[in-house]
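Asker: Provide a 3D model corresponding to the input given below.
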Amino acid sequence: MLFGAVGFSLILIIVRHLSASLDPFVLNFWRRIFSILMFAPWIMRVGFGAMKTSRLPLFALRSVVMVASSLMLLWSAVLIPIGEATAITFTAPLFTTLLAAVILKEKVGPRRIVALLVGFVGVLVMLRPGQEAVSLGAILAIASSVLFGFVVIFGKQLASTEKPALVILLLSIFNLPISFVPAVLFWQVPQGEEWRWVIGLGIAATMKRYGIQRAISAGDASLAQVFDFVRLPLAVGMAWWAFAEVPDPWMWAGAAIIFMATVYTTRREARMARQATGLAD
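Answerer: Have a look, this model is predicted:
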C-alpha cells in the first residue's frame, strides 16, 4: 500500500503539471501504453501462456469502470487542490461496503451503517455545502470514488483465482483501447521534455496498480487501509513542493473523520470475515 501510495501521488502531480499542454484524456491513454511496456520483461520470462484466463468478461467490465474512475480523478486533480481530491478518494472503502451489501449481498450491521454515515459527514465537513458551492472537481472526485468501489469488488473476485501481475497486465491491455476512445477526441502527441513526464506517468500508474493489487491479495484489509492513508500527506507534500498548494483546515478535519470511519469499517469487515471462516480471536 505504501508503494501504491507513492505511485498515486505521483500520478496526480504529473497530470497537473502536464495539463497545461496535454489533455487529461490523452494523458490517460499514453500512460497506459507505457504501463504495458513495463511488463515486457515479465512476458518474455513467463511466456504468453501465462496470460491465459477464463475470466475475460470480468476483466473487461473492471477495465471499463476503472478507466471511467481514473478519468474522473485526473480531471478532479486539475480542477481542485490535489490534497482535497486525494482526501475525497478515501471514501471509496465506504462506497465499497455499500456496494458489497447490494451486489454481493453482504450483511451490513448497525455499527457499520453508523460508521458509513460518519464518513459521509466527513465529506460534508470538507466540502461545506451551503457555505461554498460544491465544485465540479469535488463532484468528479466523489463519482470516481463510487466507481472505484466497483473496481475493488471486481478486484477481490479476480484475486481469488488470478496472480497480481496477470491482473495488472490484462487490465492494462484492456484499458488501452477503452481509454483511446475518449483520447482520440482531444488527440495530442507529447513533445520533447513531455515524453519524460509521460513515461514517468506510466511508471507511477504501474506502481499504484501493482501496490494495491498485491495488498488486496496479501490479506488484512484493515491494516492495508491504515497504510493507504499515507497517500494524503504524500500528495499534500508533493503538491506544496510542486505548486505551493496549502490545504485549508476544513480539509484536514474532514479527512480525519473519513479516516476514522473508514478504518473502523474495514476493521469490522475483517473481523466479520474471520468469524465467517472460524478464525476469530
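
Asker: now stretch 95-105: mean pLDDT?
Answerer: Stretch 95-105 shows a mean pLDDT of 79.

Asker: Let me know whether residue 37 touches residue 205 as I believe.
Answerer: No. Using CB atoms under 8 Å, residue 37 makes no contact with residue 205, being 11.7 Å away. Any C-beta I mention is one placed from the backbone N, CA and C, and that applies to glycine too.

Asker: Between those two, which has more neighbouring residues?
Answerer: residue 205 (25 against 13; other CB atoms under 10 Å).

Asker: Identify the residues contacting that one.
Answerer: Contact analysis of residue 205 by CB atoms under 8 Å, 6 or more residues apart in numbering lists 7, 11, 31-32, 34-35.

Asker: Let me know the closest of these to residue 182.
Answerer: Minimum distance to residue 182 across those is 12.2 Å, recorded for residue 32 (CB to CB).

Asker: just checking, the closest one touches residue 171?
Answerer: No. Using CB under 8 Å, residue 32 makes no contact with residue 171, being 9.4 Å away.

Asker: out of those two, which sits in the more crowded spot?
Answerer: Neighbour count, other CB under 10 Å: between residue 32 and residue 171, residue 32 has more, with 27 against 24.

Asker: Helix or strand: which one has the more buried one?
Answerer: Secondary-structure element containing residue 32, defined by DSSP states H and E: helix 24-37.

Asker: Could you check how far that helix is from the centre of its chain?
Answerer: Mean-position distance between helix 24-37 and its chain equals 16 Å (CA atoms, centre = their mean, to the nearest Å).

Asker: Please apply the same query to stretch 238-248.
Answerer: 21 Å.

Asker: Taking the contacts of residue 205 together, which two end up most distant?
Answerer: Taking CB to CB as the measure, those span a maximum distance of 13.9 Å, between 7 and 32.

Asker: how many neighbours does the closest residue in space to residue 230 that isn't next to it in sequence have?
Answerer: Once flanking residues are discounted, residue 230 sits nearest to residue 5: 4.7 Å by CB to CB, 6 or more residues apart in numbering. Residues contacting residue 5 under the criterion other CB under 10 Å number 23.

Asker: hang on, the earlier thing: just the buried subset of the contacts of residue 205, please.
Answerer: Buried subset of the contacts of residue 205 (neighbour count, 16 or more other CB atoms under 10 Å): 7, 11, 31-32, 34-35.

Asker: element containing the residue nearest to residue 230?
Answerer: Per DSSP H and E: helix 2-18 holds residue 5.

Asker: list the buried ones in that helix?
Answerer: 4-18.

Asker: Residue 79: which of those is nearest?
Answerer: Nearest to residue 79 among the buried residues of helix 2-18, with distances taken as CB to CB, is residue 16, at 10.0 Å.

Asker: quick one: that closest one and residue 80 touch, right?
Answerer: No. Using CB under 8 Å, residue 16 is not in contact with residue 80, being 10.5 Å away.

Asker: quick revisit: now the residue nearest to residue 230: how far from residue 13?
Answerer: In this view, residue 5 and residue 13 are 13 Å apart by CB to CB, to the nearest Å.

Asker: And residue 143, by the same measure?
Answerer: Counting by CB to CB, the gap from residue 143 to residue 13 is 22 Å.

Asker: for residue 207, same thing?
Answerer: From residue 207 to residue 13 the distance is 13 Å (CB to CB).

Asker: do residue 46 as well
Answerer: 33 Å.

Asker: Then residue 186?
Answerer: Using CB to CB, residue 186 is found at 21 Å from residue 13.
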